[in-house]
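Engineer: fold the following, please.
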Amino acid sequence: MSSLLMGGRINHMIHACRRDFAPQFRRLIYIAKSPIIFSNATRYTQSLNFKISNFAKVVPAKSDVITSPHPKVRCVSGGRRRHFTENSRENLDKCDNTSSFVRMLPDSLRPYALLARVDKPIGTALLLWPCLWSTALAASQPGGGWDYLAGAPDPSLIALFTVGSFVMRGAGCTINDMWDKDFDRNVHRTKNRPLASGKLSTNRAIAFLGLQLSAGLGVLLSLPNMQYCLILGISSLPLVATYPLMKRYTNWPQLFLGMTFNWGAFMGWAASHGSLDPSIVLPLYASGVCWTLVYDTLYAHQDKVDDAKLGLKSTALHFGERTKPTLYGFSSMTFIGWNLAGFGAGFSEPVYYIGSFAAFSHLLWQIYSADLEDPENLAYRFKSNNHVGGIMFASCVAGSMASSML
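Structural biologist: Numbering: from 1, shown residues only. Model (predicted):
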């Protein structure tokens with residue numbers, strides 16, 4: 001009799017779960033009906049009660065619909081998969097926990113490290129890779145490489161560009177947060193940033209920005225062909241200062257980000273040769289801009305609900321349901337630009353082109369496998385672009401060395 005009563009209680013709970021909970025939890029409930037679990041009804045009931053109490057904390061009710069003024073944003077919870085539920089956002093936060101290095105810093109320094117995104121090095125890497133591509137391609141030409149190994153990029157240039165990318169990416173983040181602090185308070189992903197949360201004042205951020213720009217100037221003055229590099233580097237500052245504003249005025253803020261983040265395609269060649277070769281640096285720069293449009297559009301889908309509510313613009317909102325076909329097009333343009341740069345550098349050996357195809361294939365995988373309604377999925381694909389940059393750098397080095405041996 002007690003088993004029948006217990007079984008009835010479980011069936012009642014199962015039907016309640018089917019009625020009230022999101023479909024993604026049904027599979028767990030079906031498992032609960034197996035004979036193995038029924039053999040120990042008391043223990044299972046306790047376990048099911050615990051699970052249900054935890055699910056109830058993260059699953060929105062059917063009436064919980066996230067509204068958005070933007071017609072291209074799908075924000076309704078439920079269905080086959082989650083759509084920006086608090087659970088998925090909490091999982092994303094866990095993936096992006098502050099790094100152990102930042103946690104080790106004194107409390108007085110930690111807000112500055114967070115402002116410069118020291119805990120998120122992927123931004124530095126994405127800024128650095130175009131510098132390294134250009135430096136490696138420049139090594140294929142006489143006088144542009146390392147004196148001790150033909151076709152190899154100069155390690156001192158790699159070190160300088162690494163430091164410069166770290167510093168200037170931090171400066172860009174500081175400028176971005178100063179412009180956007182009022183918006184960031186209303187966006188789940190950014191509400192805890194130092195300026196948005198009030199942990200750091202605007203005046204202190206301005207002083208910190210002065211230190212960052214001074215450090216960036218120091219790197220510029222340390223580069224070979226300093227005068228040419230100084231003019232070229234300073235000419236990028238208008239883009240650095242204004243690209244955070246573009247989300248207010250244009251549907252293409254990711255385009256301006258790409259124009260800013262890929263300036264290194266000019267700097268690497270300029271530092272090596274004291275000039276620019278348009279047949280190489282222009283397609284390389286264009287390929288980097290298209291690459292940025294791919295990865296940052298996927299990234300922007302994480303914030304599309306909040307952006308639509310705040311009236312901000314992005315390619316994620318602009319492309320809407322056409323996001324994936326459009327990004328396939330930009331990936332193809334990226335691939336074409338990489339190959340044109342290699343052709344301009346005189347690469348005839350297949351190793352460079354095999355590498356560029358591998359990087360292109362990675363971009364296609366990102367787009368194909370991206371779930372535009374899952375921030376955790378999108379964050380993983382965004383970070384995987386570090387692999388794309390690394391593959392292309394290895395391809396540039398291999399192509400340059402192969403070309404030098406001919």
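
Engineer: every contact and neighbour count from this point should use C-alpha atoms.
Structural biologist: Noted.

Engineer: these two touch, right, residue 136 and residue 403?
Structural biologist: No - counting by CA atoms under 8 Å, residue 136 sits too far from residue 403 to count as a contact (11.7 Å).

Engineer: need the overlap of contacts for the two.
Structural biologist: Taking CA atoms under 8 Å, 6 or more residues apart in numbering as the criterion, residue 136 and residue 403 both touch residue 151.

Engineer: the more surrounded of the two?
Structural biologist: A side-by-side neighbour count of residue 136 and residue 403, using other CA atoms under 10 Å, places residue 136 first with 31 against 20.

Engineer: pLDDT weak spots in the chain?
Structural biologist: 1-99, 143-145, 147-148, 406 (pLDDT under 70).

Engineer: got the contact list for stretch 181-193?
Structural biologist: 93, 114, 115, 177, 195, 196, 197, 303, 306, 307, 310.

Engineer: dump those residues to CSV, plus distance to residue 232, neighbour count and secondary structure.
Structural biologist: What follows is the contacts of stretch 181-193, written out as CSV (distance: CA to CA, whole Å; neighbours: other CA atoms under 10 Å; DSSP: H, G, I helix; E, B strand; the rest coil):
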residue, distance to residue 232, neighbour count, secondary structure
93, 38, 15, helix
114, 29, 21, helix
115, 26, 24, helix
177, 25, 23, helix
195, 31, 26, helix
196, 33, 22, helix
197, 36, 15, helix
303, 33, 18, helix
306, 37, 17, helix
307, 34, 23, helix
310, 36, 15, helix
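
Engineer: let's have those residues in CSV, adding distance to residue 273.
Structural biologist: Listed next are these as CSV, based on distance: CA to CA, whole Å:
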residue, distance to residue 273
93, 44
114, 36
115, 35
177, 36
195, 41
196, 43
197, 45
303, 41
306, 46
307, 43
310, 46
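
Engineer: out of those, which two sit at the greatest distance?
Structural biologist: The span of the contacts of stretch 181-193, defined through CA to CA, is set by 114 and 310 at 23.9 Å.

Engineer: residue 140 contacts residue 400, doesn't it?
Structural biologist: Yes - applying CA under 8 Å, one finds residue 140 in contact with residue 400, separated by 4.5 Å.

Engineer: quickly list what's touching both of these two.
Structural biologist: Common neighbours of residue 140 and residue 400 (CA under 8 Å, 6+ apart) are 151, 152.

Engineer: still on that earlier bit, so which of the contacts of stretch 181-193 comes closest to residue 370?
Structural biologist: For the contacts of stretch 181-193, the residue nearest residue 370 by CA to CA is residue 303; the value is 15.0 Å.

Engineer: from residue 364, how far out is the closest one?
Structural biologist: 22 Å (CA to CA, to the nearest Å).

Engineer: ok, now residue 224?
Structural biologist: 37 Å.

Engineer: for residue 165, same thing?
Structural biologist: From residue 165 over to residue 364 (counting by CA to CA), the distance is 27 Å.

Engineer: more neighbours: which of the two?
Structural biologist: Higher neighbour count among residue 165 and residue 364: residue 165, with 24 against 18, using other CA under 10 Å.

Engineer: perfect, I'm done here.
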